[in-house]
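Colleague: Provide a 3D model corresponding to the input given below.
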Amino acid sequence: MADDRALRVRTLLDSVRAEGRTALTAPEGKVIADAYGIAVPGEELATDVEEAVAYAARFAGPVVMKIVSPDILHKTDAGGVIVGVEGAADVRAAFRTIVDNARAYEASARISGVQIQELLPQGLEVIVGAVTDPTFGKVVAFGLGGVLVEVLKDVTFRLAPLDADEALSMLDSIRAAEILRGVRGQAAVDRWALAEQIRRVSQLVADFPEIAEVDLNPVIATPDSAVAADIRVILAENQPPPRRTYTREEILTSMRRLMQPSSVAVIGASNEPGKIGNSVMRNLVDGGFAGEIHPVNPKADDILGRKAYKSVTDVPGEVDVAVFAIPAKFVASALEEVGRKKIPNAVLIPSGFAETGEHELQAEIVAIAERHGIRLLGPNIYGYYSTWHDLCATFCTPYDVKGGVALTSQSGGIGMAILGFARTTKTGVSAIVGLGNKSDLDEDDLLTWFGEDPHTECIAMHLEDLKDGRAFVEAARATVPKKPVVVLKAGRTAAGARAAGSHTGALAGDDAVYDDILRQAGVIRAPGLNDMLEYARALPVLPAPQGDNIVIITGAGGSGVLLSDAVTDNGLTLMDIPPDLDEAFRTFIPPFGAAGNPVDITGGEPPSTYEATIRLGLEDPRIHALVLGYWHTIVTPPMVFAELTARVVAEFRARGIEKPVVASLAGDVEVEEACQYLYERGVVAYPYTTEQPVAVLGAKYRWARAAGLLGGGS
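Modeller: Now for the predicted structure:
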């Protein structure tokens, strides 16, 4: 049956192509809908007035009449749609009006006839569609339809194809999801029928990549059905060339030699201070890299006490990485030599390629690399750091604090912001990698490596685009169950440049698609640079939560209110305190304090009150995470609070009770030292903010859900 379905669609698409068309007519769309089980109304194509009368009589009640022309895509704009036509006289009049309007709209348009379509019952109008996204390929869309879709843009996206469960999840992902469940006396729509429309459209575009867009708008959803009043299908004018891909093992093999090299050659190494080749050499030598460092410079015999070679081909033995510190115009010829030497990785620091309009030069080096089996990092990058290997292959400032955070960026400036943040917060890193133009190696290669790297506990990536969104999603899905992936996607406010003819195409702005699909992949999206860095710093510190119940313990009522807002804003759940737990908290707080949630112990309480309530929060298995609000008083100074909190958390950790604990400290400058003390001991604490500690807790929860450690979606 599936083969027969595919043959019918293939035959139709080939005939449309043969006629030089990219848009299918409504009857052709009906053929595709029938082949894939996409529910559409009964309809007939009338080529003259009397056929229209006969066909209309077959449907009980009024009909919809629409112009059918391969040259008129927007039927309503052409005056080519009349709704609710009933009776022979009205059908004849409507037929003539529609044809006259079409000829007035486009005199040269070929008119195939008028479609006589069963009038659907009233129901909720939604949109189901699919577009070809330049980053993610075939993407299916769902949202409110009709006029609302253009006003509210309440639409969600998923990668196609998707299964029945994913299709159902789309119904709950729009802001107006409650409408589908029935509100104010209206019955709920048939969710299964609606999800099936989504799933079948997704399968259609996955089976036929040449279909650029499918638009079902509106789909009329009722308690009994979901039927597309109109189906519009557009073919792509051309197919993008396939991207070269590598197997997981190939990626891991080359990345292992890049991140853990035994031998590095620096092409363009220099003795002259101020030159990039000198800075790279100094960082490699001074950073303590234990492998071999081979300077390559045809005009020098010795660089920083090491023998220099005229060509990389003269370097003895195997070389894992060639770092380029020469002008762009010399890269291609040197890369040929790297290929002859069979070096698997080239790190291209030079700028002057695609970012300056030199696309042909970049294409040339990519072709050379592919011919020789070289993986390229860059060009136009600051280099990279692999701290656990004491490797600092960059012209920027060195960094050698080893830890569990891997950080990547497309931008050199962002890379240096990462470096400064890491230094000032004492964040240990496993790697910092510049990606630049991403002529070859990109985020999915790095994700694949860091996902397996035992030194890496959390991956944070700044990106401006993805070359292959599907490869990234595949790598993220493999990595997220093991460790968190945080992404800062730049260009969040850029307008979707694809103002395609269909509603679906116009709605598929880049950021809307990125947002939904990154969430689908389990990635934590950071709203800004500082957020990305704080998430990366905090997530390895916080243990994974075991449930949703969060309790706030605060010494200041005002902080408690703001912390409560932050909990809600981050999609977290404040625990409903049961009577016995409420009574237990009350035994430790003064009569004018407040139990419930937040637990307000008031600001004048001694350290013992903080300690007793925190102990209770950690002891009770119904509580899964604690948010602490501290208020600086002389009664309980900041470091006293920090020391008692860290001590109690460590005591419970030693007993095997690990819960995420975050803290907001309000007070004089001493709270800064207290926060640092807490952070170093596993309590994520921030001064002067109620939003930041809860935001990182929210990020940890999003990862835990995506990793399957908690129920619900990410």
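
Colleague: now the stretch 501-650 of the chain, which segments are flagged as low pLDDT?
Modeller: 501-510 (pLDDT under 70).

Colleague: show me where it has strands.
Modeller: According to DSSP state E, counting those that start in this stretch, the stretch 501-650 of the chain carries its strands in the segments 524-525, 549-554, 573-574, 599-600, 625-631.

Colleague: Skip ahead from the strand or helix carrying residue 450 and say which helix or strand is next.
Modeller: Using DSSP states H and E, residue 450 falls within helix 443-452. Going down the chain from helix 443-452, the next helix or strand is strand 458-463, by DSSP H and E.

Colleague: Strand partners (parallel or antiparallel) of that following strand?
Modeller: In the sheet, strand 458-463 lines up against strand 402-409 (parallel), strand 485-489 (parallel) (DSSP bridges).

Colleague: ok and the shortest one relative to helix 443-452, angle-wise?
Modeller: For strand 485-489 against helix 443-452, the angle between stretch directions is 160 degrees (axes from the mean of the first three to the mean of the last three Cα atoms, to 10 degrees).

Colleague: send the alpha carbons of strand 485-489 over as PDB?
Modeller: The C-alpha trace of strand 485-489 is given here as PDB (Å, rounded to 0.1, in the frame of the first residue of the first chain):
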ATOM      1  CA  VAL A 485      24.300  21.100  26.800                       C
ATOM      2  CA  VAL A 486      23.800  24.900  27.000                       C
ATOM      3  CA  VAL A 487      23.400  27.000  23.900                       C
ATOM      4  CA  LEU A 488      23.500  30.800  23.400                       C
ATOM      5  CA  LYS A 489      22.000  31.400  19.900                       C
END
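
Colleague: For that strand, which residues meet the burial criterion?
Modeller: For strand 485-489, burial by neighbour count (16 or more other Cβ atoms under 10 Å) applies to 485-489. In short, each C-beta sits where N, CA and C put it, glycine included.

Colleague: Among the residues you listed, which one sits closest to residue 201?
Modeller: Proximity of these to residue 201 (Cβ to Cβ) peaks at residue 489, which lies at 26.3 Å.

Colleague: Excluding chain neighbours, give the residue nearest to the closest one in space.
Modeller: Nearest in space to residue 489, with sequence neighbours left out and distances taken as Cβ to Cβ, 6 or more residues apart in numbering, is residue 514 at 5.4 Å.

Colleague: ok, back up a step: okay if I get the strands paired with strand 458-463 as a markdown table plus distance to residue 432 and mean pLDDT?
Modeller: Conversion of the strands paired with strand 458-463 to a markdown table gives the following (distance: least, Cβ to Cβ, whole Å; pLDDT from 0 to 100):
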| stretch | distance to residue 432 | mean pLDDT |
| --- | --- | --- |
| strand 402-409 | 5 | 94 |
| strand 485-489 | 14 | 96 |
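
Colleague: Nearest to residue 98, out of the ones you listed?
Modeller: strand 485-489 (46.2 Å).

Colleague: show me where the stretch 201-350 of the chain has helices.
Modeller: With helices called from DSSP state H, counting those that start in this stretch, the stretch 201-350 of the chain shows them at 248-259, 276-286, 331-340.

Colleague: Spatially central residue in this structure, please.
Modeller: residue 518 (2.2 Å; Cα atoms, centre = their mean).

Colleague: can you pull the contacts of that residue?
Modeller: The contact partners of residue 518, by Cβ atoms under 8 Å, 6 or more residues apart in numbering, come to 476, 487, 489, 525.

Colleague: Taking the residues you listed, tell me the two that lie furthest apart.
Modeller: Farthest-apart pair in the contacts of residue 518 is 476 and 489; separation 12.8 Å (Cβ to Cβ).

Colleague: quick one: pLDDT of the most far-flung residue of the chain relative to its centre?
Modeller: Most distant from the centre of the chain: residue 89, at 55.9 Å, with distances by Cα atoms, centre = their mean. On pLDDT, residue 89 comes in at 95.

Colleague: Could you report the separation of it from residue 53?
Modeller: Distance, residue 89 to residue 53, by Cβ to Cβ, to the nearest Å: 9 Å.

Colleague: Next: residue 248.
Modeller: Using Cβ to Cβ, residue 248 is found at 64 Å from residue 53.

Colleague: Please say which of these two ends up with more neighbours.
Modeller: Set residue 248 next to residue 53 and count neighbours by other Cβ atoms under 10 Å: residue 53 wins out with 18 against 13.

Colleague: surely the residue nearest to residue 489 meets residue 139?
Modeller: No. Counting by Cβ atoms under 8 Å, residue 139 is not a contact partner of residue 514; they are 10.5 Å apart.

Colleague: quick one: buried residues of stretch 5-25?
Modeller: Within stretch 5-25, the residues scored as buried using 16+ other Cβ under 10 Å are 5, 9, 12-13, 16, 22-25.

Colleague: which residues sit against it?
Modeller: With Cβ under 8 Å, 6+ apart as the criterion, stretch 5-25 contacts 28, 31-32, 35-36, 68-70, 73, 112, 204, 207-208, 210-212, 232-237.

Colleague: Selecting buried members of the residues you listed in ChimeraX, what would you type?
Modeller: Paste this into ChimeraX to select the buried members of the contacts of stretch 5-25, with burial taken from 16+ other Cβ under 10 Å:
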select :28,31,32,35,36,68,69,70,73,112,204,207,208,210,211,212,232,233,234,235
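
Colleague: Which of the contacts of stretch 5-25 fall in strands?
Modeller: Among the contacts of stretch 5-25, the members falling in strands (DSSP state E) are 68, 211-212, 232-235.

Colleague: any idea which of those residues is closest to residue 381?
Modeller: Closest to residue 381, out of all of the ones in strands among the contacts of stretch 5-25 and judged by Cβ to Cβ, is residue 212, at 34.3 Å.

Colleague: per-residue pLDDT, that closest one?
Modeller: pLDDT recorded at residue 212 is 94.

Colleague: give me the number of residues near residue 163?
Modeller: Counted with other Cβ under 10 Å, the neighbours of residue 163 add up to 12.

Colleague: any idea how far it lies from residue 140?
Modeller: Computed as Cβ to Cβ, the residue 163 to residue 140 distance reads 12 Å.

Colleague: do you know how far residue 490 is from residue 370?
Modeller: Counting by Cβ to Cβ - residue 490 and residue 370 are separated by 28 Å.

Colleague: May I have the phi/psi pair for residue 467?
Modeller: phi -70, psi -40 (degrees, to the nearest 10).

Colleague: try residue 325
Modeller: Main-chain torsions, residue 325, degrees, to the nearest 10: phi -130, psi 50.

Colleague: Contact partners for it?
Modeller: Applying Cβ under 8 Å, 6+ apart to residue 325 gives the contacts 266-270, 275-277, 280, 349-350, 395.

Colleague: Narrow the residues you listed to those that are buried.
Modeller: By neighbour count, with 16+ other Cβ under 10 Å, the contacts of residue 325 hold 266-270, 276-277, 280, 349-350, 395 as buried.

Colleague: picking that back up, tabulate the buried residues of strand 485-489 in CSV, adding columns for distance to residue 704.
Modeller: Listed next are the buried residues of strand 485-489 as CSV, based on distance: Cβ to Cβ, whole Å:
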residue, distance to residue 704
485, 13
486, 14
487, 17
488, 20
489, 22
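
Colleague: which of those residues sit farthest apart?
Modeller: 485 and 489, at 12.3 Å, using Cβ to Cβ across those.

Colleague: Filter the buried ones among the contacts of residue 325 down to just the ones in strands.
Modeller: Among these, the ones falling in strands (DSSP E) are 266-267.

Colleague: Tell me the one of the buried ones among the contacts of residue 325 nearest residue 594?
Modeller: residue 395 (57.2 Å).

Colleague: Skip the chain neighbours and tell me the closest residue to that closest one.
Modeller: Leaving out its chain neighbours, the residue that sits closest to residue 395 by Cβ to Cβ, 6+ apart is residue 279, at 3.8 Å.

Colleague: count of residues packed around that neighbour?
Modeller: Look at residue 279: counted by other Cβ under 10 Å, it has 20 neighbours.
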